[in-house]
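1. What would the 3D arrangement of this be:
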Amino acid sequence: MDTRGLPQSLRERPMYQIRLTKFSGGTMTFIVTLFVQVLIIMFMASDVCAALIPPFFFDCVVAIGSRNPDSTINWGGTGFLIGKFVKVMENDQKRYTIYLVTNKHVLKDKKSMVVRFNPRSNEPARDFNAPVVNKDGNIIWTGHPVDSIDVAVIPINVNLLKEQQMRFNYFRSDEHVLNIAQMSNKGMTEGDFIYVLGFPMGIVDPARQYVISRSGSIARIRDVLDKHGSEIIVDAFVFPGNSGGPVISKPEVIGIGGTKVVSSAYLIGIVKEYIPYRDIAVSLQTKRPRIVFEENSGLAAIIPTDYILETIETAEKGIH
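-> As a prediction, the model looks like this:
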């Protein structure tokens, strides 16, 4: 087969299968099948393979629970650390204010919570008791001023974590976070892949903290980008325990011609809840509803990062 029309890289690799197709007009064109394209990409990337999720992202995520009278812990939610950019210091180091982010419903009606961190060494994880109300019974966390926006933040003293030799990190608001306008500018749309990080069903290792990552895709986002909605819908199974966890965009290296590619992983939102599917059993005799069955639809509601930053601004104004 005459391969003079092929790139040098393909002429030197006879293992690739090329399909020869004759188009109208007598023009001969080589069409590389999708399978071959994948092989080429894998070969080109073999020397520069990298994780799809930056490893330190996992150190930003924590399990949140409540302690029982017998000292056991019910792990019922997820949180993560985010640093709001403040300024650049004289030594060119950036200064951030660190917050723990989760959902309002994870903290609601609680007097204290348990937050888990891994030590830098291989010692067992440390569970820190943290109050969520003061001595007068008033909450010390800040919720988004709009009741339906299920976001809560608490400032974190990272110096304590450093003194205790805990391993932690945080999403930097000016580097790792995409707001709605930035997502629109980068061309994020339905079908883009995402990861949900957290602790579904309270699955927390007894010895160490290991974050569970589940993959999915954006099911609906255009209403948010058009400012007609406040929640992104993703096609990903989430369960109790995932609430308050971060949602990360998956970096891509290829895309449809004429569209943009998001080549880095970013924090794009926080898990609110799964969207339930409800079915109603109706009495044959009375024709009235008798039982409502509720199941996980596999779709989940995600709150964009804009509302996280708005909640932090509310906290800095001293409003609870």
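
2. all strands for the stretch 51-200 of the chain, in order.
-> 61-67, 73-88, 94-102, 112-119, 126-131, 142-143, 152-155, 166-167, 171-172, 193-198 (DSSP state E, counting those that start in this stretch).

3. Only the buried residues of stretch 211-220, if you could.
-> Neighbour counts over stretch 211-220 (16 or more other Cβ atoms under 10 Å) mark 211-214, 216, 218-219 as buried. C-beta here means a position set from N, CA and C on the backbone, and glycine is covered the same way.

4. Show only the entries of those residues found in strands.
-> 212-214, 216, 218-219 (DSSP state E).

5. Any chance of CSV for the residues you listed, columns pLDDT?
-> Listed next are these as CSV, based on pLDDT from 0 to 100:
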residue, pLDDT
212, 98
213, 97
214, 97
216, 97
218, 98
219, 98
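
6. Same list (the buried residues of stretch 211-220) but as CSV, adding distance to residue 142.
-> Listed next are these as CSV, based on distance: Cβ to Cβ, whole Å:
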residue, distance to residue 142
211, 25
212, 27
213, 28
214, 28
216, 29
218, 28
219, 30
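
7. wait, which of those residues is closest to residue 153?
-> Among the buried residues of stretch 211-220, residue 211 lies closest to residue 153 (Cβ to Cβ), at 19.7 Å.

8. Identify the residues contacting residue 168.
-> Taking Cβ atoms under 8 Å, 6 or more residues apart in numbering as the criterion, residue 168 is in contact with 59-60, 62, 81, 117, 158, 161.

9. Now do the contacts for the closest residue to residue 316 other than its chain neighbours.
-> Nearest residue to residue 316, sequence neighbours excluded (Cβ to Cβ, 6 or more residues apart in numbering): residue 97, at 7.7 Å. Residues in contact with residue 97 (Cβ under 8 Å, 6+ apart) are 83-84, 86, 155, 312, 316.

10. From those, list just the buried residues.
-> Neighbour-count burial (16+ other Cβ under 10 Å) applied to the contacts of residue 97 gives 83-84, 312.

11. burial measure for the closest residue to residue 94 other than its chain neighbours, as a count.
-> Residue nearest to residue 94 in three dimensions, not counting chain neighbours: residue 88, with 5.6 Å by Cβ to Cβ, 6+ apart. Residues lying near residue 88 (other Cβ atoms under 10 Å) number 10.

12. again, but for the one 5 residues further on
-> Residue 93 has 8 neighbouring residues, counting by other Cβ under 10 Å.
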